[in-house]
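J.: Here is my input, please return the structure:
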Amino acid sequence: MPTSNDELSCVFCELSAVLTGEAGVSPVIAERHLKTLRASDYVEHIDEMLRRFAELILGGGDRVRLIEDHLINDATFGPSVKAVLRLWYTGSIGTGPSASPGSQEDYFDALMWSVIGAHPPGLSDGYYGHWRYPPDVGA
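T.: Predicted coordinates for the structure are as follows:
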């Protein structure tokens with residue numbers, strides 16, 4: 001059973017990989033997301049949820065099914081699982097008018113940008129004035 005923050009961070013990476021479908025989630029981003037979730041007023045029971053997930057995977061079985069049956073549909077842990085998904089994909093926590101943005105990095109690293117094949121508005125990897133020239137479409 002994970003007890004230290006390092007162990008819980010590893011469990012968070014595993015849970016995030018299953019939830020997002022991204023096999024290699026960045027441990028650096030995962031650590032930042034976990035800190036954001038722990039500091040949020042919108043998320044409760046995050047560490048308890050991670051401990052529960054660690055217990056579930058010890059028994060083996062389909063991780064997606066375990067999450068669905070024992071976490072998402074659980075009144076205590078469901079909101080935390082959904083907050084994890086929301087943070088990974090949108091860079092924010094909460095829904096509707098009560099949504100709270102994570103950090104600027106959370107927004108820029110949100111998975112929604114790769115899903116839709118776009119870059120985050122306000123972030124460019126080009127030099128100043130690069131917009132003046134046609135895009136480089138490759139060879």
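J.: and the worst-scoring helix or strand of the chain on mean pLDDT, which strands flank it?
T.: None of the helices or strands of the chain scores lower by mean pLDDT, DSSP states H and E than strand 100-101, at a mean of 74. Pairing partners of strand 100-101, with direction, according to DSSP bridges: strand 92-93 (antiparallel).
J.: can you tell me the average pLDDT over the strand it pairs with?
T.: The pLDDT scores in strand 92-93 average 86.
J.: which outside residues touch it?
T.: For strand 92-93, the surrounding residues in contact (Cβ atoms under 8 Å, 6 or more residues apart in numbering) are 36-37, 40, 42-43, 83, 86-87, 99-102, 106-107. In this view, the C-beta of every residue, glycine as well, is placed from N, C-alpha and C.
J.: Top of these by number of neighbours, please.
T.: Highest neighbour count within these, by other Cβ atoms under 10 Å: residue 87, with 25 neighbours.
J.: tell me what the next helix or strand along the chain from the least confident helix or strand of the chain is packed against?
T.: Downstream of strand 100-101, the first helix or strand assigned by DSSP states H and E is helix 104-108. Counting contacts by 3 or more Cβ pairs under 8 Å, 6 or more residues apart in numbering; DSSP states H and E, helix 104-108 packs against helix 27-39.
J.: Show me what the helix it packs on packs onto, helices and strands only.
T.: On a contact count with 3+ Cβ pairs under 8 Å, 6+ apart, helix 27-39 meets helix 5-20, helix 46-58, helix 78-90, helix 104-108.
J.: May I see the buried residues of that helix?
T.: 29-30, 32-34, 36-37 (16 or more other Cβ atoms under 10 Å).
J.: Provide a list of residues in contact with residue 37.
T.: By Cβ under 8 Å, 6+ apart, the contact set of residue 37 is 43, 46, 80, 83-84, 87, 93.
J.: roughly how far out does stretch 37-54 sit from the chain middle?
T.: 13 Å (Cα atoms, centre = their mean, to the nearest Å).
J.: Give the rounded mean pLDDT of it.
T.: On average, stretch 37-54 scores 89.
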